[in-house]
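Colleague: no sequence for this one, just the structure:
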């Protein structure tokens with residue numbers, strides 16, 4: 001079975017959804033069944049389109065392994081298969097999961113291997129596939145069987161069927177031989193305490209509520225280390241992590257581990273820029289003769305003004321540079337250098353900057369505003385976790401190896417990726433002003449409190465060393481400004497709050513050449529034309545200054561005050577100061593730190609704390 005990626009039918013997925021929502025190992029609800037996205041071993045690589053981004057590929061190789069050859073877009077059919085129903089079914093492979101089904105008429109509970117449920121496949125609509133209980137004695141026609149709502153998962157990324165037979169017989173088997181199980185629900189609440197599994201053969205019964213709660217270790221079996229998306233187990237050694245009962249569709253059943261970068265032109269040479277743009281196809285040319293053959297059939301009309309000899313010389317230069325350029329680099333540093341010096345940056349179809357004056361009224365804190373009129377972002381899926389989000393750690397690189405679930409049996413030779421295009425606003429901070437602010441006594445004291453919260457949070461999650469990874473008080477302030485501004489801009493630009501994202505550039509260093517202080521607020525879409533300009537249009541000095549005024553006025557008071565303003569960062573559960581869903585928190589897709597390292601008291605005076613607000617008159621020169 002495969003899932004088509006065209007956006008026309010039920011069950012279709014966009015390429016970006018296969019990176020962030022329904023990637024490898026994720027559960028997906030179809031109209032009549034639940035399925036799991038299979039590992040990369042089962043994907044048809046020949047249907048995948050390469051995505052070129054050398055900087056991201058080098059960073060991926062540093063984290064996943066040098067064996068990674070390419071970043072590929074998930075398989076999708078560019079043609080209209082509705083006009084050709086006999087054409088190939090192109091998509092990502094899936095299999096039914098969980099493997100236990102329940103008849104809604106007679107409450108029969110059985111695995112697919114029992115043969116009691118018969119598959120019903122629609123030839124041209126695989127998303128309509130279902131299982132029927134063919135011999136149900138309470139229905140004149142075979143009713144469609146439904147997947148059970150409960151599965152088992154652990155923090156090490158394992159997923160397994162709930163052991164219904166084992167559970168109802170309390171770790172044993174039916175004394176009468178073959179068990180006939182029923183899953184009955186009483187009442188309308190749907191709570192686990194109202195669900196009973198019983199065996200008709202031996203009359204054993206047990207409420208599901210016993211498996212949910214604080215004493216599940218005494219009720220559930222040991223984790224078998226199962227990865228159903230890989231058709232097997234993680235290894236010979238049993239997993240020691242405790243199992244948890246989770247619901248189908250639960251938000252904590254799958255979290256992606258991703259890496260992304262913005263495409264920054266490395267040269268202003270027109271030919272090399274075209275080579276970069278067409279590299280996915282040009283890299284297939286093995287010689288000057290093969291390049292001539294490809295040009296002869298009209299493969300590269302954009303290069304018609306150049307001779308084949310010059311093009312081949314550029315291709316060889318690109319290939320030699322790619323072979324020697326596998327040394328990973330800081331993904332954000334080249335982006336910062338481009339945004340902080342926009343005048344000298346080349347303009348391409350995917351990269352266009354325009355520098356304007358800083359927001360009116362905030363010239364003392366910002367050096368300039370950069371209108372990012374065109375931007376391309378490439379994102380790659382490295383793995384995934386269950387139960388615990390990668391946002392529970394400082395960054396994806398710190399997720400313990402035992403927590404990361406693999407995408408394939410062996411080290412992957414390629415990774416699924418997607419590219420989006422859009423627009424944004426970049427704000428370049430004045431490093432001198434930020435330095436004077438962070439050296440004040442009150443700000444230093446606040447930083448020490450946040451630092452203790454950071455250490456306590458890492459200690460609770462057993463991330464060592466606990467002292468590492470604290471981004472500093474300047475990051476907290478810049479991050480808080482980004483969130484305050486995103487909330488206001490989302491009301492005016494025409495894009496939803498969940499579609500606007502941030503990218504923070506902050507590095508504190510005694511060397512001025514290494515310092516970074518900036519933020520990018522941007523939005524992007526998978527369409528080749530990108531977005532419509534609603535966000536970048538708000539970056540003019542007068543307009544952006546007015547929106548900053550509104551943003552800061554809103555964070556000065558919170559609907560949850562005084563509780564929000566008095567929140568103590570040192571509680572080990574969070575790493576934020578005065579911040580909550582009423583003032584600074586953003587959707588999960590928008591924040592690069594999972595709503596950590598936020599504190600509106602670093603921006604303005606609050607009920608509980610004053611004297612450290614970055615944007616108060618106290619620190620103006």
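Modeller: Perfect, I can see it now. None of these values were measured; they are calculated from a predicted model.
Colleague: I'd like the distance between residue 54 and residue 353.
Modeller: Distance, residue 54 to residue 353, by CB to CB, to the nearest Å: 21 Å. (C-beta placed from N, C-alpha, C; glycine too.)
Colleague: Which residue of these two possesses the greater neighbour count?
Modeller: residue 353 (20 against 17; other CB atoms under 10 Å).
Colleague: In contact with that one: list those residues for me.
Modeller: Residue 353 is in contact with 338-339, 342, 345, 347, 370-373, 426, counting by CB atoms under 8 Å, 6 or more residues apart in numbering.
Colleague: Check the residue of the chain most remote from its centre and give its pLDDT.
Modeller: Note on the chain: the largest C-alpha distance from the chain mean falls to residue 176, namely 48.8 Å (CA atoms, centre = their mean). Looking at residue 176, its pLDDT is 81.
Colleague: go on, residue 7?
Modeller: Reading off the model, residue 7 has pLDDT 41.
Colleague: how about the nearest residue to residue 292, chain neighbours excluded?
Modeller: Setting aside the residues directly before and after it, residue 292 is nearest to residue 308 in space (CB to CB, 6 or more residues apart in numbering), at 5.3 Å.
Colleague: Okay, that neighbour and residue 296: tell me how far apart.
Modeller: 10 Å.
Colleague: Pick out whichever of these two has more residues nearby.
Modeller: Per other CB under 10 Å, whichever of residue 308 and residue 296 has more neighbours is residue 308, with 18 against 9.
Colleague: Contact partners for the more buried one?
Modeller: 288, 291-292, 295.
Colleague: Give me the buried entries from those.
Modeller: Burial by neighbour count, 16 or more other CB atoms under 10 Å: within the contacts of residue 308 this picks out 291, 295.
Colleague: Looking at the contacts of residue 308, which is nearest residue 42?
Modeller: Minimum distance to residue 42 across those is 34.5 Å, recorded for residue 291 (CB to CB).
Colleague: Am I right that that closest one sits in a strand?
Modeller: No. Residue 291: not assigned to a strand; according to DSSP: H, G, I helix; E, B strand; the rest coil it is helix.
Colleague: Hmm, it is touching residue 315, no?
Modeller: Yes. Residue 291 lies in contact with residue 315 (CB atoms under 8 Å); the separation is 7.1 Å.
Colleague: Which neighbours do those two have in common?
Modeller: 282, 285.
Colleague: which stretches of the protein form helices?
Modeller: 17-20, 54-64, 164-168, 270-277, 279-282, 288-296, 308-324, 332-340, 431-438, 441-460, 473-492, 541-556 (DSSP state H).
Colleague: now those helices in a markdown table, with distance to residue 121?
Modeller: Below are the helices of the chain laid out as a markdown table (distance: least, CB to CB, whole Å):
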| stretch | distance to residue 121 |
| --- | --- |
| helix 17-20 | 23 |
| helix 54-64 | 36 |
| helix 164-168 | 26 |
| helix 270-277 | 42 |
| helix 279-282 | 35 |
| helix 288-296 | 41 |
| helix 308-324 | 45 |
| helix 332-340 | 48 |
| helix 431-438 | 62 |
| helix 441-460 | 49 |
| helix 473-492 | 44 |
| helix 541-556 | 54 |
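Colleague: between these, which gets nearest to residue 249?
Modeller: Ranking the helices of the chain by proximity to residue 249 (CB to CB) places helix 17-20 first, at 14.8 Å.
Colleague: Who are the packing partners of that closest one?
Modeller: strand 255-262, strand 366-385, strand 414-429 (3 or more CB pairs under 8 Å, 6 or more residues apart in numbering; DSSP states H and E).
Colleague: what does it contact?
Modeller: Counting by CB under 8 Å, 6+ apart, 5, 37, 74, 92, 256, 258, 379-381, 416-418, 589 sit against helix 17-20.
Colleague: Most neighbours among those residues, which one is it?
Modeller: Neighbour-wise, those (other CB under 10 Å) top out at residue 417, 29 neighbours.
Colleague: Look up how far residue 57 lies from it.
Modeller: Counting by CB to CB - residue 417 and residue 57 are separated by 9 Å.
Colleague: Please apply the same query to residue 561.
Modeller: Remark: distance between residue 561 and residue 57 (CB to CB) = 47 Å.
Colleague: Can you pick out the residue with more neighbours from those two?
Modeller: residue 57 (24 against 17).
Colleague: give me the beta-bridge partners of the nearest residue to that one once chain neighbours are set aside?
Modeller: Nearest residue to residue 57, sequence neighbours excluded (CB to CB, 6+ apart): residue 71, at 6.0 Å. On the basis of DSSP bridges, residue 71 is bridged to residue 415.
Colleague: follow-up on the earlier one: so what sits against both of residue 417 and residue 57?
Modeller: residue 71.
Colleague: which stretches of the stretch 51-200 of the chain have low pLDDT?
Modeller: 77-89 (pLDDT under 70).
Colleague: How about the stretch 501-621 of the chain?
Modeller: 527-530, 572, 619, 621.
Colleague: cutoff 80 now
Modeller: 526-533, 571-573, 617-621 (pLDDT under 80).
Colleague: And for the stretch 251-400 of the chain?
Modeller: 266-330, 390-400.
Colleague: could you measure the residue farthest from the centre of the chain against residue 355, distance?
Modeller: 80 Å.
Colleague: How many neighbouring residues does residue 286 have?
Modeller: 8.
Colleague: From residue 59, how far off is it?
Modeller: Counting by CB to CB - residue 286 and residue 59 are separated by 27 Å.
Colleague: May I have the phi/psi pair for the residue nearest to residue 67 when sequence neighbours are not counted?
Modeller: Distance criterion CB to CB, 6+ apart; nearest residue to residue 67, sequence neighbours excluded, is residue 411 at 5.2 Å. For residue 411, the backbone dihedrals are phi -60, psi 130 (criterion: degrees, to the nearest 10).
Colleague: rewinding a little: how near is the residue farthest from the centre of the chain to residue 165?
Modeller: 13 Å.
Colleague: Quick check: chain neighbours aside, which residue is closest to residue 106?
Modeller: That would be residue 138: by CB to CB, 6+ apart, it lies 4.6 Å from residue 106.
Colleague: pretty sure residue 369 is touching residue 354, no?
Modeller: No. In this structure, residue 369 is not within contact of residue 354 by CB under 8 Å, at 9.3 Å.
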